[in-house]
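Trainee: Sequence first, then the predicted structure:
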Amino acid sequence: MYHDAMTAPLAAATGSPKDRSELAIGDTWKLDDIYPSLDAWEAGCAALEAAIKRMPERRGTLASSGAALLGALEASDTLDQLAYKVYYHASLFYDQDQRDNGANGRRQRVLHLLAQQGQALAWFRPELLAIPLDTVRGWMDASTALAVYRFWIEDLFRQQAHVLDAAGERLLSLSAQFNQAPDAAYDALSTADAAFPSITLSTGEEVKATYARYRAILATHRVQSDRAKAFAAHHQPFADHLNTYAALYNGVLQRDWFHAQARGYATMLEAALDGNAIPTSVVETLIQTGRAGTAPLQRYERLRKKVLGLDSYHLYDGTIPLVEYDRRYAYPDVLEWIVESTAILGADYQARVRRAFAERWIDVYENPGKHSGAYSAAVYGVHPYMLLNWNDTLDSVFTLAHEMGHSMHTMLAHETQPFVYASYTIFVAEVPSTLSEALLLDYMLARTSDPRERVVLLQHAIDEVTSTFYRQVMFANYELEAHRMVERGEPITADSLSALYTGILRHFYGDTLAEDDLLRVTWARIPHFFGSPYYVYQYATCFASSAKLLQDVRATDPARRADGVRRFLDLLRSGSKDHPMALLKTAGVDLAEPTTVGAIVTHLDGLVSRLETELGALGLLK
């Protein structure tokens, strides 16, 4: 089917991670591309600080002429571009080992500078909004350079009712440094200071239940008691500090409520969505559709219990393959798969993917203190960086494809758009990442002649639906109700949050899950709740969007396929030059139509039926 993957011993996936100094240099990211030395970074900080101090000199000048407004906008862009580099150099250094106090200190210095930047620019939007819009439009009509900012300016005036006066904006800017406190404390508690216990597996191997090792055990260990031990060991630290996690999450909720009320929004959901002109009905309809469409999810979980031959089925049984297929995927062996799977998107796209592998944009393996999970960081003026915690599982392979999708989005947007539109909204961000995973799945399914591998890959396709759609809808449901609890003035405690989460979990999974006391604490393990509220629902909407786009990208008709690829790549090149709903509609996706989201429920039901057929052919359904 594809290049032979190295069969690694279990310890490669579940043993103790190597110290960073032991990793091959080629498996670590090259942060020198941002700044070649700490001295150069210090110079960048000094330049940023100086630029921040110069910005208030422009106060009171915007209404004088279009040239004055253009100069202020360009100076603000230059300031932001410098801030990107200074921030990410410090942040990525910190994330590669969060125990490094020096790196943490540099990161905190940058956060302080960014807070100062917000304060230095607090006057800008209120002063611009004080100019009659017709006057600004006249300036834009007369100046090609100023016209570049037309969408940004028009959108600012659209939100005028929620922009405070200069004094109010300055007051809010002073709170910026405190806004990240709950998330920073969460990271420290759950990563840097986390004391995950070790467990002894049925093989006799002793393993520390870190994030990556825990996920690897759930994905590779067929002995249920091993998965149960890993689940208990990994979640016990969260249970031990559950009141602290609840206090941190209450801090997130109260912060969000403060900002929503300060800007005159009726709800936190409205405040979270208005910046991108997304109707609140999008989230509400998504949750309603997900809650109403749980039958295929529960059907799949019951099928899993039957095939695995389990007397009781638990949350930690949800990722183990239904058939034994004990292949390990060594990182060097999968790189060409990622490249080849994107052939349909064109040679230029593939060349960009190869650059990412060749030029050390990726930090591959787990090491003590490293940030958990995976992400792609969009470092403007340099290139994207990807953080992984590779553990030789199939999940790692698809995570790489996912983050590569983000990185290609960054490259195309940065290459095509002026800085003001070079970033992209979260609402669109997960479209290329989930589409990238789907293309890799197509690639792998097309090349396998092994019926057991076909089952594993179909399971992966189903798990993508359950994790990227249903799980994220469940998280969105939790976030919405938790925020509404604050809006109603209800207490936020470990008990109330756990009861809310457990109730939602039970609704989605029905009676398929056995009772486990630690289920109540699993909300505390979700970093998005603490770091980026009202983010996760967009995984689900993006999944629906990419599924719609894939219908054309995969088309057998050459003209339809070429048009689908063009629209997809144009979406990536568009950055944030329009509202995300409008960009998606131009690409061929209308999320205002309930059927766009509802089709995912039908899609899952079909995948489960196909899986049942394959399992039956193997004689595994009795």
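Mentor: Looks like it arrived, so ask away.

Trainee: okay, and for the protein, where does confidence drop off?
Mentor: 1-15 (pLDDT under 70).

Trainee: How is it divided into domains?
Mentor: Listed by automatic domain parsing, the domain ranges of the chain are 34-179, 184-196+242-325+456-531, 331-451+538-617.

Trainee: Same list (the ones you listed) but as CSV, adding mean neighbour count and distance to residue 235.
Mentor: C-betas here are computed from N, CA, C, even on glycine. Compiled in CSV, the domains of the chain are given as follows (neighbours: other CB atoms under 10 Å; distance: least, CB to CB, whole Å):
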stretch, mean neighbour count, distance to residue 235
domain 34-179, 17, 20
domain 184-196+242-325+456-531, 18, 5
domain 331-451+538-617, 19, 14
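
Trainee: and these as CSV, adding distance to residue 17?
Mentor: Below are the domains of the chain laid out as CSV (distance: least, CB to CB, whole Å):
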stretch, distance to residue 17
domain 34-179, 11
domain 184-196+242-325+456-531, 12
domain 331-451+538-617, 4
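
Trainee: nearest to residue 213, of those?
Mentor: domain 331-451+538-617 (7.4 Å; CB to CB).

Trainee: Nearest to residue 236, out of the domains of the chain?
Mentor: Across the domains of the chain, the minimum distance to residue 236, taken as CB to CB, is reached by domain 184-196+242-325+456-531, at 7.5 Å.

Trainee: Off-centre distance for the closest one?
Mentor: Mean-position distance between domain 184-196+242-325+456-531 and its chain equals 14 Å (CA atoms, centre = their mean, to the nearest Å).

Trainee: What pairs with the helix or strand containing residue 385, parallel or antiparallel?
Mentor: With elements delineated by DSSP states H and E, residue 385 resides in strand 384-390, which encompasses its position. Paired with strand 384-390 in the same sheet, following DSSP bridges, are strand 362-365 (parallel), strand 375-378 (antiparallel).

Trainee: could these be laid out in a markdown table, adding distance to residue 539?
Mentor: A markdown table is the format used below for the strands paired with strand 384-390 (distance: least, CB to CB, whole Å):
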| stretch | distance to residue 539 |
| --- | --- |
| strand 362-365 | 22 |
| strand 375-378 | 13 |
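
Trainee: With respect to residue 481, which of the ones you listed lies nearest?
Mentor: Among those, strand 375-378 sits nearest to residue 481 (CB to CB), with 26.7 Å.

Trainee: now that closest one, how far from the centre of its chain.
Mentor: 9 Å.

Trainee: how about residue 298, secondary structure?
Mentor: helix (DSSP: H, G, I helix; E, B strand; the rest coil).

Trainee: Skipping adjacent residues, who's closest to it in space?
Mentor: If you skip the residues right next to it in sequence, residue 298 has residue 510 as its closest partner in space, 4.7 Å away by CB to CB, 6 or more residues apart in numbering.

Trainee: re earlier: now what about the strand holding residue 385, what contacts it?
Mentor: The set of residues external to strand 384-390 that reach it, using CB atoms under 8 Å, 6 or more residues apart in numbering, is 29, 31, 88, 92, 95-96, 211-212, 331, 356, 361-366, 370-379, 396, 399-400, 403-404, 406-407, 410-411.

Trainee: before we move on, what about stretch 234-242?
Mentor: The set of residues external to stretch 234-242 that reach it, using CB under 8 Å, 6+ apart, is 189-190, 194-197, 209-211, 214, 245, 494, 498, 518, 521-522, 524-525.

Trainee: which stretch among the domains of the chain comes nearest residue 25?
Mentor: With distances scored as CB to CB, the stretch of these nearest to residue 25 is domain 331-451+538-617 (8.0 Å).

Trainee: In a helix, residue 161, correct?
Mentor: Yes - counting by three-state DSSP, one finds residue 161 located in a helix.

Trainee: What residue, apart from its backbone neighbours, is nearest it spatially?
Mentor: Nearest to residue 161 is residue 264, by CB to CB, 6+ apart, at 6.3 Å.

Trainee: ok, now residue 47?
Mentor: Residue nearest to residue 47 in three dimensions, not counting chain neighbours: residue 82, with 6.1 Å by CB to CB, 6+ apart.

Trainee: That neighbour touches residue 44, doesn't it?
Mentor: Yes - in this structure residue 82 lies within contact range of residue 44 using CB atoms under 8 Å: 6.6 Å.

Trainee: Between strand 384-390 and the lengthiest helix in the chain, find me the angle.
Mentor: Longest helix in the chain by number of residues, with DSSP state H as the criterion: helix 66-96. On the basis of axes from the mean of the first three to the mean of the last three CA atoms, to 10 degrees, helix 66-96 is oriented at 20 degrees to strand 384-390.

Trainee: Show me how far helix 66-96 is from its chain's centre.
Mentor: Between the centre of helix 66-96 and the centre of its host chain there is 22 Å, according to CA atoms, centre = their mean.

Trainee: For residue 544, which residues are in contact?
Mentor: Residues in contact with residue 544, defined by CB under 8 Å, 6+ apart, are 469, 589, 591, 596-597, 599-600.

Trainee: Ignore what I typed, I meant residue 173.
Mentor: For residue 173, the residues meeting the contact criterion (CB under 8 Å, 6+ apart) are 115, 118-119, 121-122.

Trainee: if you set the cut-off to 10 Å instead, what comes out?
Mentor: Applying CB atoms under 10 Å, 6 or more residues apart in numbering to residue 173 gives the contacts 115-123.

Trainee: what's the answer for residue 469, then?
Mentor: Residues near residue 469 by CB under 10 Å, 6+ apart: 286, 289-290, 293, 297, 434, 539-544, 547, 597, 600-601, 603-604.
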